[in-house]
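Student: Build me a structure from this.
(2 chains)
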Amino acid sequence: MKLSFNLQDALFIGFCATLLVAIKSMMRLKLGLSGHSMLLMTFFYLICYGVVGKKGCITVCGLVTGILAMMLSVGKGGPVLIIKFGLPALAMDLTLLFIAGLFSFRWQSLILAATASIAWGLKSGIGHLLAGMTLQVALAKFGLEVVQGGFFALIAALLVPSVLNRLQAHDLVTPAVMNKPSQTPENHKD
Amino acid sequence: MQIKSIKTSAKHYCFAALVVSIVLASCAFFLPAKALLGLVIVDIALVLHAMYLKQKTFILIKMGLMQLLVTLPFYYFIHGSASLFDGFIVVLRVFLAILPGWWLSHTQRPERLGEVLCWWLPAQWSFVIAASIGLLPYIIKETKEIYTIQCLRGARITPKALRNPKNWCELIYCVLLPMLIELLKLSKQMAQAAQLRHFGHNKTPTHWPDTPDEGPHINAVNNTADHPANSKENQDISPIFTHQSTSPKTTSTREQQ
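Tutor: Okay, the predicted model is just below:
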């Protein structure tokens, strides 16, 4: 599946991941809000999906982001980052398998954002449980993270369609990619 | 020959470090509480090693304190003050799980890590990752320039204005949208440049080797130096650029000699 991307799409996914990592490293100290990384993460993942428009592109973007963040030691660094960035992306792609073609792009983004924030909370929840945290505390922290992350992810999901519209207006994105889910759902299977 | 052996040992050392960090991180979750003390001692050694290489430990301390501040109140309110120690152990485990990763990325050079990761990644994706790291300085510079220009134009995206969530949309339209256009352009140019240089014809990618005299200033920029888009960056490091513009094929011929 990974090899089905052409080089230009692959490079665009890589650059999106780079920009995400770069902005994250620049903004981290300035905002200081927990969960704000979900804003950028969801935004770039959805942009990747909107521009490239192929199955698996979100997962690949997530994995590349994780690898880059690990290599450039953004934040805490280490192999955990691959899971941190990869898991929400994987969840988004899996959800996309079920909802592709059922909703308009706007609703798809909102659903994907919700899934991503649940996956984001789940990742740390499982980590805490493995570390021996009691179930109640782990659940409370899980809830807190989902609410925080979900808030930021939904903001991003609301912004993505209009950004893609503007890109489309400049003829930078082929219109078929963005409108595919709502207009010709049967084409999405390839 | 000497270069080749240095390169191989650096690669294996990096692979060993990756394995050690993964093993230590998983130990933090699965070891019984009594054995944690040993793990703490090993991890202190890692921190000392990183400090010896002049890495800053500020972010580690900050992260540990943040974890404590967020988790302990939950333990206090849900389980009472008696179980605060359990909470502390949990935070310690999470902290010990993150620390080896921090050590790995602060003591290993990005291009070696990239090379180790390429053992599992397809050639196209290792190229993408190398290209992204090579373009990182350019992307950061471009983003900062656009940000400054938009601030001068009067956009409400200064750090103070960004405290108000209403202005976040403006950040996206003023900074991220132009950057996305830039990235679309760059990816098109770079894909074309790579394909014109017969990218993908050779199944086994080669890497620029470590040379004994090279300092820490040489990083993963090497891997991607031969495309036009980041030539601006490479003017500063022209000796590397001239080496690299002879491209991966010469690397392998040099090794054969």
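
Student: wait, what's in contact with residue B:168?
Tutor: Residues near residue B:168 by CB atoms under 8 Å, 6 or more residues apart in numbering or on different chains: A:39, A:155, B:162. Using the backbone N, CA and C atoms, a C-beta is placed for each residue, glycine as well.

Student: Could you confirm whether stretch A:35-51 reaches chain B?
Tutor: Yes. Using CB under 8 Å from any CB of the partner chain, a contact is recorded between stretch A:35-51 and chain B, made by A:39, A:43, A:47, A:51.

Student: Counting neighbours, which of those residues comes out on top?
Tutor: Within these, most neighbours by other CB atoms under 10 Å in any protein chain shown means residue A:39, with 28 neighbours.

Student: my guess is that residue meets residue A:149, correct?
Tutor: No. At 9.0 Å, residue A:39 does not count as touching residue A:149 under the criterion of CB atoms under 8 Å.

Student: and of the contacts of residue B:168, the nearest to residue B:196?
Tutor: Relative to residue B:196, the closest of those is residue A:39; by CB to CB it sits at 37.8 Å.

Student: Now do the contacts for the closest one.
Tutor: Going by CB under 8 Å, 6+ apart, the list of residues near residue A:39 reads A:152, A:153, A:155, A:156, B:168.

Student: what's the spacing between the first one and residue A:114?
Tutor: Read it as residue A:152. 12 Å (CB to CB, to the nearest Å).

Student: Show me which helix runs longest in the chain.
Tutor: The chain I'm using is chain A. When chain A is parsed with DSSP state H, its longest helix is helix A:135-169.

Student: wrong chain, I was asking about chain B
Tutor: Longest helix in chain B, counting residues (DSSP H): helix B:123-153.

Student: Remind me what that one packs against, helices and strands.
Tutor: Here helix B:123-153 touches helix A:7-31, helix A:57-71, helix B:110-117, helix B:177-196, helix B:231-234, going by 3 or more CB pairs under 8 Å, 6 or more residues apart in numbering or on different chains; DSSP states H and E.

Student: After it, which helix or strand is next?
Tutor: helix B:168-171 (DSSP states H and E).

Student: And that next one, what's buried?
Tutor: Residues B:168, B:171 are the ones in helix B:168-171 that count as buried (16 or more other CB atoms under 10 Å in any protein chain shown).

Student: mean confidence score for that helix?
Tutor: For helix B:168-171, mean pLDDT is 82.

Student: where does the residue of chain A most remote from its centre fall, phi/psi-wise?
Tutor: Computed with CA atoms, centre = their mean, the residue of chain A farthest from its C-alpha average is residue A:134, at 29.3 Å. The phi/psi pair for residue A:134 (degrees, to the nearest 10) reads phi -70, psi 150.

Student: same deal with residue A:53?
Tutor: phi 70, psi 30.

Student: didn't residue A:40 look like it was pressed against residue A:156?
Tutor: Yes. Under the criterion of CB under 8 Å, residue A:40 makes contact with residue A:156 at 7.4 Å.

Student: who's more crowded, these two?
Tutor: Just comparing residue A:40 and residue A:156: by other CB under 10 Å the higher neighbour count belongs to residue A:156, 24 against 20.

Student: Contacts only, for residue B:94.
Tutor: A:127, A:128, A:131, B:28, B:67.

Student: among those residues, which are in helices?
Tutor: The helices, defined by DSSP H, take in A:127, A:128, B:28, B:67 from those.

Student: The first one touches residue B:95, doesn't it?
Tutor: No. In this structure residue A:127 lies outside contact range of residue B:95 using CB under 8 Å: 11.6 Å.

Student: and residue B:66, how many residues sit next to it?
Tutor: 12.

Student: mind checking which helix or strand of chain B has the lowest mean pLDDT?
Tutor: None of the helices or strands of chain B scores lower by mean pLDDT, DSSP states H and E than helix B:238-244, at a mean of 33.

Student: Repeat that for chain A.
Tutor: Of all helical and strand segments in chain A, the minimum by mean pLDDT, DSSP H and E falls on helix A:175-183, at a mean of 49.

Student: Would you mind listing where chain B has pLDDT under the threshold?
Tutor: Counting by pLDDT under 70, chain B has low-confidence residues at B:1-8, B:203-257.

Student: What residue in it comes nearest to chain A?
Tutor: Residue nearest to chain A within chain B: residue B:101 (1.1 Å; CB to the nearest CB).

Student: Just give me the neighbour total for that residue.
Tutor: If you count neighbours by other CB under 10 Å, residue B:101 ends up with 24.

Student: Please apply the same query to residue B:29.
Tutor: By the measure other CB under 10 Å, the count of residues near residue B:29 is 15.

Student: who touches it in this structure?
Tutor: Listed by CB under 8 Å, 6+ apart, the contact set of residue B:29 reads A:127, A:130, A:131, B:93, B:97.

Student: what's the burial count for residue B:164?
Tutor: 9.

Student: Same question for residue A:6.
Tutor: Neighbourhood size, residue A:6 [other CB under 10 Å]: 14.

Student: Wait, residue A:51 touches residue A:12, no?
Tutor: Yes. At 6.4 Å, residue A:51 and residue A:12 qualify as touching, with contact defined as CB under 8 Å.
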